[in-house]
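J.: this one's sequence-less:
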């Protein structure tokens, strides 16, 4: 399954630090723990001795100790000690099943199988003029591709986000450009009239969007409101959507904001995103089927759906099967 060769976010680094934590990724149980130097480890959450969950254990002397019989494993997964046999040196085959783990964007990312694809690149991350804040996780009983497609959609603003990102008096979606890219899809020239485009909006404004799919379960939008409509002059905002496919019909979502606001407290920024995503969630969870249908004719489309149509085509061409039907 190609999805196992991709990098997926499994949690905020601050939440996964310290004692071993259990996470679910692509329907597989994974334990996250840290070595003494702070590096995150991601292993199958199963002790190779008797199958107990390693996430029930503890980190002792820089090693992960199983809660059942106390077997101890080093950072490479090799068993280094069996309390029942103090003088025994475990052979090379006595080892845990390990995966790759990395920390990026304030999140821990895991890859279940070797692959060539790099971590998704959030271009705004390297811009020191922009402040970064993570929002979430949001637990959604819908597939990861459904969440991504909703993120790319302009036409729902006036209905789902009325009074915030849209208005029923201005629901028209002007023509925009969309094209395939090496990582997915790029849509530019997207425009929408928004009563409150961000936490800093002071007036209704025409806002220009661009959307980029940078991985099957990852997308980025940038938004530029018209001059004079926000409390911050020349407001710049880039928002990344990072989705963890937990099961084919459920996922966890993180939103990473990058903006030139260094004054507002974190909660003011996250409260806004919590409100917006809270409006999306019940609609996402109501969609049937929960998995995103890729077959021609499975759902109807219109010209405003060009980005979604191309996103579905990208998933087909990439061979994605988890969360789609």
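T.: That came through fine. This structure is a prediction, so every number in the text was calculated from the model and none was measured. Numbering: from 1, shown residues only.
J.: tell me which element the spatially most central residue of the chain is part of?
T.: What sits nearest the mean C-alpha location of the chain, by CA atoms, centre = their mean, is residue 242, with 1.9 Å. Here residue 242 sits within strand 237-247, counting by DSSP states H and E.
J.: Name whatever forms a beta bridge with the residue nearest to the centre of the chain.
T.: With DSSP bridges as the criterion, residue 242 is bridged to residue 218, residue 254.
J.: That one and residue 56, how far apart?
T.: Residue 242 sits 28 Å away from residue 56, going by CB to CB, to the nearest Å. Where you see a C-beta, it was placed from the backbone N, CA and C, and this is true even at glycine.
J.: ditto for residue 99
T.: Applying CB to CB to residue 99 and residue 56 gives a distance of 19 Å.
J.: quick one, which of those two is more surrounded?
T.: residue 99 (20 against 14; other CB atoms under 10 Å).
J.: pretty sure the more buried one contacts residue 114?
T.: No: with contact defined as CB atoms under 8 Å, residue 99 does not reach residue 114; the gap is 9.6 Å.
J.: Quick check: which element contains residue 267?
T.: Here residue 267 is assigned to helix 266-286, by DSSP H and E.
J.: List of residues touching the next helix or strand after that helix?
T.: The helix or strand immediately downstream of helix 266-286 is helix 306-318, counting by DSSP H and E. Contact partners of helix 306-318, identified using CB atoms under 8 Å, 6 or more residues apart in numbering, comprise 2, 145, 148-149, 152-153, 176, 178-180, 184-185, 187, 190, 211, 213, 216, 292, 294, 301, 324.
J.: Turn the buried ones among those into a named PyMOL selection, would you?
T.: Buried residues within the contacts of helix 306-318, by 16 or more other CB atoms under 10 Å, are selected in PyMOL with:
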select buried, resi 145+148+149+152+153+176+178+184+185+187+190+211+213+216+292+294+324
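J.: Now, the contacts of helix 306-318 that are in helices?
T.: 145, 148-149 (DSSP state H).
J.: for this protein, which spans come out with low pLDDT?
T.: Scanning the chain for pLDDT under 70 picks out 197-203, 225-235.
J.: if you set the cut-off to 90 instead, what comes out?
T.: In the predicted model of the chain, residues 1, 18, 117, 129, 164, 166-167, 192-209, 223-237, 259-264 satisfy pLDDT under 90.
J.: Phi first, then psi, for residue 93.
T.: phi -70, psi -10 (degrees, to the nearest 10).
J.: hang on, I meant residue 166
T.: Residue torsions, per degrees, to the nearest 10, at residue 166 are phi -160, psi 170.
J.: Can you give me the distance of it to residue 174?
T.: With the distance defined as CB to CB, residue 166 ends up 14 Å from residue 174.
J.: What of residue 39?
T.: From residue 39 to residue 174 the distance is 48 Å (CB to CB).
J.: got it, and residue 123?
T.: Taken as CB to CB, the span from residue 123 to residue 174 is 25 Å.
J.: Counting neighbours, go ahead and name the busier of residue 166 and residue 174.
T.: residue 166 (23 against 11).
J.: Next, the contact list for residue 3, please.
T.: Residue 3 is in contact with 26, 216, 245, 320-322, counting by CB under 8 Å, 6+ apart.
J.: Next: residue 32.
T.: Residue 32 sits in contact with 10-11, 16, 20-23, 40-42, 101, 108, 110, where contact means CB under 8 Å, 6+ apart.
J.: hmm, back to that, okay, angle between the strand holding residue 242 and helix 266-286 too, please.
T.: 50 degrees (axes from the mean of the first three to the mean of the last three CA atoms, to 10 degrees).
J.: Show me what strand 237-247 is packed up against.
T.: strand 8-12, strand 21-25, helix 144-151, strand 218-225, strand 250-259 (3 or more CB pairs under 8 Å, 6 or more residues apart in numbering; DSSP states H and E).
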